[in-house]
Every structure is written in C-alpha cells, then in structure tokens.
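Q: Model the structure of this input:
(2 chains)
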Amino acid sequence: LSVWGQLNLQEGMSTIMELMNYFHDYMMIILVLIMTFVTYLFIFVITSPRLDKYTVDSRILETVWTIVPMVILLFMAFPSLYLLYLMEDVSNPNLMVKVVGHQWYWEYQYSNSWFNYGFDSYMVYEKSDSPLFHSLDVDNRLVLPTNANILFLVTSADVLHSWAVPTLGIKTDAIPGRLNYLSTMTPYSGVYYGQCSEICGSNHSFMPIVLEFIPMANYL
Amino acid sequence: MFKVISSSVCKKSLTRFSIVAQAHTAAATPAAAHGHHAVTFKQADVYPRVGNREIVGFGRNGEPTYFDAPDCPCPAVRWREETPEIKALREKAKGDWSNMTVAEKKALYRADFRSTLSEMTAPDGEWKFTVGALLAAIGASIWGYYFFVKAIYKSPKLESSSAEHQARMLERMIAEGVGRVEGVSSKWDYETGTWKKN
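A: Residues are numbered from 1 along each chain as shown, chains lettered A, B, ... in the order given. Next up is the predicted model:
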C-alpha cells in the first residue's frame, strides 16, 4: 500500500520485488549520470565561445560514442535479464490458486486432489464512519501462507482484466481462454493490496485485490 | 576561393547565384558574374539583393547577402552601393592612410559595413519585454486559477480527505505493517505503542 505523497515503488515484500527495487535504484544511478552528462554538454554547447561551428565529421568521436553506450547498455542488460529469468522460474509450488476475473470482481479457487473451494471477492463500499481504505477493501480476502511457493493461474471469464499486487512485484493479464501463471513467495505476514490493471468496463477501478498472508502454522 | 556564377538562363528574371568550388580567383564582381558587360544602375533592378554593391568574399554560405554577425565578421557584399564619393575615398585609401582624416576612414568603414562589432553586441533591452510578458502571463494564470476556484469548483470536500479519517487510515496501516522495513511502520515502536524517538 502506498502512503500519502509516496513517489517511489512500494516496499518489496517478496524476494523478487526486493530485487526489483535494487535493480530500479541501480538503473536510476546510471540514468542520472547520463542525464547529468548530457545536460552539461547541452549547456556547454550553448554557452561556450570556443565551439567550432564548422566541424563536419570525426571518426574517433563517432567510434567512442558508439562503444561507450554499448558498454553502458551491457551493464544494464545483464542484471535485467538475470532478474527477468528469475521471475519466470516456477519450481515446486507448494500451493496453487486459480484467479478468475469477472466484471467486476475476482473469483479465487483453491484446489488440489482432495480439496476444492472457491469464493468471490467483491469491493466493499466505504462508509463514512468506518476506517476503510478507499476502494481497496474487499469482503473476502485471499488468505495464503508465508514461506511457501505459491503458483497463481490467472484467467478471465469475460473481458480482459489484470491481476496485480505491486508490493509483491506481481502482475499478469487475465485473458479469457488463456491461463497465465505467476509465482511468488513472501516471508512476511501482512495484508497486501492491488487493483485491476486492465480497463474492463465501468467498475474497472472498483475491483481490488487483497491478499492476507498468515504464518504457515496458523494456515494449516 | 569561390567563383560566383549565374545559374539561370533568363537574364531578366531574378538570378540566383550558385556557388561552384573552383581554383582561387580574384573576388568576383557582378560584372564578372554576369559574364559580359558592366552592371549599370538600371540593371541593378535586376539584382534586387545585390544592386551595385561589390561582392567581396564568400560570406557565411556563398550567397551574396549582407549580414552582421560577430562570429563571421566579413560579409559577402559591401553594405552600400558605390557612389563617386566613396570611389574617390577608396582610391585615396590605396595611398598612405595617415593622409586620411578620421571622418574619411569612418566613411569608408560605414560604406562597407552597417554596424561595428560593439554595436552588434550591445545590449538591446529585449529582455525587459520578455520578462514583462512572462510576468503578465503568470499573473493572468493566477487570476484564472482564482476564478476557477471561487466560481466553478464548488463540490464538497470528501470526508476521506479529513485529518481524522487520515489518522484512522494511518492507524490501520501501522496495524497491518505497511512499510515495516523502511516506510511508515518502521518508524513505529510496537512495544511501547508510540513513534520511535530517532
């Protein structure tokens, strides 16, 4: 959940999101350096009295300004691809949850060989005297255990939706006729919020996602 | 360095000079550019830009245009058309310059150039108009905003934006552990139930 005036990403409650926050900081450093350098060149070109207006080409300069950005991009690409493939890794999920998007609510289904339980999760409209989070609270939260690899299979029953929980770093489109998968694991118990992230009709802003993580001992 | 030649076939239309890089020749004059006879004052009408002015160099891009620029101080054409008085002064300048008065030297300069370098770079006060226009625009925007707030935005404030509601939201955020590592809950002491001191 974001607090008032928050500009940065939400705190990472899963391992992947923590790594994404580190990656974001790393990229921001590189981008600020590049922007500072370009701004300096910009001001220098405008204000310097020693600029040669009649320079037409320079092979050395063109070689340098091709090689240096290539090296910078390599430094950006390696961590990016590493994180990307780490996100895709789904191995030995402990729990599988199906998420079905409807207009305009989410349906969650837990199922395995001996257990099948599903429920709908509608947004609760805020009353003036109850301290609810505006357009974020639901009647039935999705309760999950901590320290467990959870696999989400996301689909939709009608139109495109998108299931997103920013603090866990997960988001995937809910597409009718297709199963998209997501994997997450968090060691922290707590309540994490998200909202539908693909326009799906008049109540697109009013179908939130609430996950409640509780310790594994209490879950079973 | 460059020889100016006429590229158009029709001599009575506006003739556009094109530049062809060739071996060094003397500075071209309209007479040489035209090819055959000298340019009379009536024929100056055919060349509306150049007239009777001598082309004295390449200038910035080879076009026979006069311009004042501190970074390229030698334009392609003289400023004024040649008059008999100026012609006489130019003949006199071929001799010893100490025989010329300051007024004559200045007249020669002003015949070739419109303004001096210090006149080109002198401050012109344009910034006053720019700053004034900017301040006027800012003032008009503030007036417009005031009008919108007072006359158009009349919806009631949301209860959820009141301080009491926000305090209850903050209490719930702390209870749920929002930002427990670096955010708002990390500044709350759960043992004592108060904000951390440092």
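Q: so which strand or helix has the residue in chain B that chain A sits nearest to?
A: Taking CB to the nearest CB, chain A has its nearest neighbour within chain B at B:Arg168, 3.6 Å off. C-beta: built from backbone N, CA, C; applies to glycine. Using DSSP states H and E, B:Arg168 falls within helix B:163-176.
Q: Can you pull out the residues in contact with that helix?
A: By CB atoms under 8 Å, 6 or more residues apart in numbering or on different chains, the residues outside helix B:163-176 that reach it are A:1, A:3-4, A:131, A:133, A:190-191, B:159-160, B:179, B:184-185, B:188.
Q: rerun at 7 Å
A: A:Leu1, A:Val3, A:Pro131, A:Phe133, A:Gly190, A:Val191, B:Glu159, B:Val184, B:Ser185, B:Trp188 (CB atoms under 7 Å, 6 or more residues apart in numbering or on different chains).
Q: Output those as CSV; include the columns pLDDT.
A: CSV is the format used below for those (pLDDT from 0 to 100):
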residue, pLDDT
A:Leu1, 87
A:Val3, 89
A:Pro131, 62
A:Phe133, 83
A:Gly190, 92
A:Val191, 93
B:Glu159, 76
B:Val184, 92
B:Ser185, 92
B:Trp188, 94
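Q: so which of the residues you listed is the most crowded?
A: A:Leu1 (23 neighbours; other CB atoms under 10 Å in any protein chain shown).
Q: which residues does that residue contact?
A: Applying CB under 7 Å, 6+ apart, the residues contacting A:Leu1 are A:Tyr193, B:Met173, B:Val178.
Q: where does it sit relative to A:Ile209, distance-wise?
A: 12 Å (CB to CB, to the nearest Å).
Q: Give the residues shared as contacts by those two.
A: Common neighbours of A:Leu1 and A:Ile209 (CB under 7 Å, 6+ apart) are A:Tyr193.
Q: Might you report the residue contacts of the closest residue to B:Val181 other than its chain neighbours?
A: Residue nearest to B:Val181 in three dimensions, not counting chain neighbours: A:Glu11, with 5.7 Å by CB to CB, 6 or more residues apart in numbering or on different chains. Taking CB under 7 Å, 6+ apart, we find A:Glu11 in contact with A:Thr167, B:Gly179, B:Val181, B:Glu182, B:Gly183.
Q: The first one and A:Met13 touch, don't they?
A: Yep, that's A:Thr167 we're talking about. Yes: applying CB atoms under 7 Å, one finds A:Thr167 in contact with A:Met13, separated by 4.8 Å.
Q: Overlap in contacts, the two.
A: A:Tyr192.
Q: Of these two, which one has the most company?
A: Comparing A:Thr167 with A:Met13 by other CB under 10 Å, the one with more neighbours is A:Met13, at 28 against 24.
Q: Any idea what A:His102 is bridged to?
A: A:Tyr105 (DSSP bridges).
Q: Name the SS class of the residue nearest to B:Val181, please.
A: At A:Glu11 the chain is in coil, as set by DSSP: H, G, I helix; E, B strand; the rest coil.
Q: Look up the pLDDT of it for me, please.
A: With respect to pLDDT, A:Glu11 scores 92.
Q: ditto for the one 5 residues further on
A: Note for A:Ile16: predicted pLDDT of 93.
Q: That one contacts A:Tyr85, doesn't it?
A: No: checked against CB under 7 Å, the pair A:Ile16 and A:Tyr85 is beyond contact range at 11.4 Å.
Q: Counting neighbours, go ahead and name the busier of those two.
A: A:Ile16 (20 against 9).
Q: roughly how far out does the helix or strand hosting the more buried one sit from the chain middle?
A: Secondary structure from DSSP H and E places A:Ile16 in helix A:15-47. Put simply, helix A:15-47 sits 21 Å off its chain's centre (CA atoms, centre = their mean, to the nearest Å).
Q: Give me the packing partners of it, helices and strands only.
A: Where contact means 3 or more CB pairs under 7 Å, 6 or more residues apart in numbering or on different chains; DSSP states H and E, helix A:15-47 is packed against helix A:59-88.
Q: pLDDT (mean, whole number) over the helix it packs on?
A: For helix A:59-88, the per-residue pLDDT averages 95.
Q: now the angle from it to helix A:15-47?
A: Going by axes from the mean of the first three to the mean of the last three CA atoms, to 10 degrees, helix A:59-88 is angled at 160 degrees with respect to helix A:15-47.
Q: I believe A:Phe213 is in a strand; please confirm or correct that.
A: Yes: under three-state DSSP, A:Phe213 sits within a strand.
Q: List the beta-bridge partners for it.
A: The partner residues for A:Phe213, given DSSP bridges, come to A:Leu144, A:Gly190.
Q: Look at it and say how many residues are nearby.
A: Neighbours of A:Phe213 under the rule other CB under 10 Å: 26.
Q: next one: A:Tyr110
A: A:Tyr110: 16 neighbours (other CB under 10 Å).
Q: now do A:Gly194
A: Neighbours around A:Gly194, by other CB under 10 Å: 22.
Q: can you check B:Val102 too?
A: 7.
Q: and the contacts of A:Glu11, which two are the farthest apart?
A: A:Thr167 and B:Glu182 (12.4 Å; CB to CB).
Q: Against A:Val99, how distant is the residue lying farthest from the centre of chain A?
A: What lies farthest from the middle of chain A is A:Tyr54; by CA atoms, centre = their mean that is 49.4 Å. Distance, A:Tyr54 to A:Val99, by CB to CB: 64 Å.
Q: Can you pull the domain assignment for chain A?
A: Here the domain parsing of chain A from the TED database is A:15-88, A:95-218.
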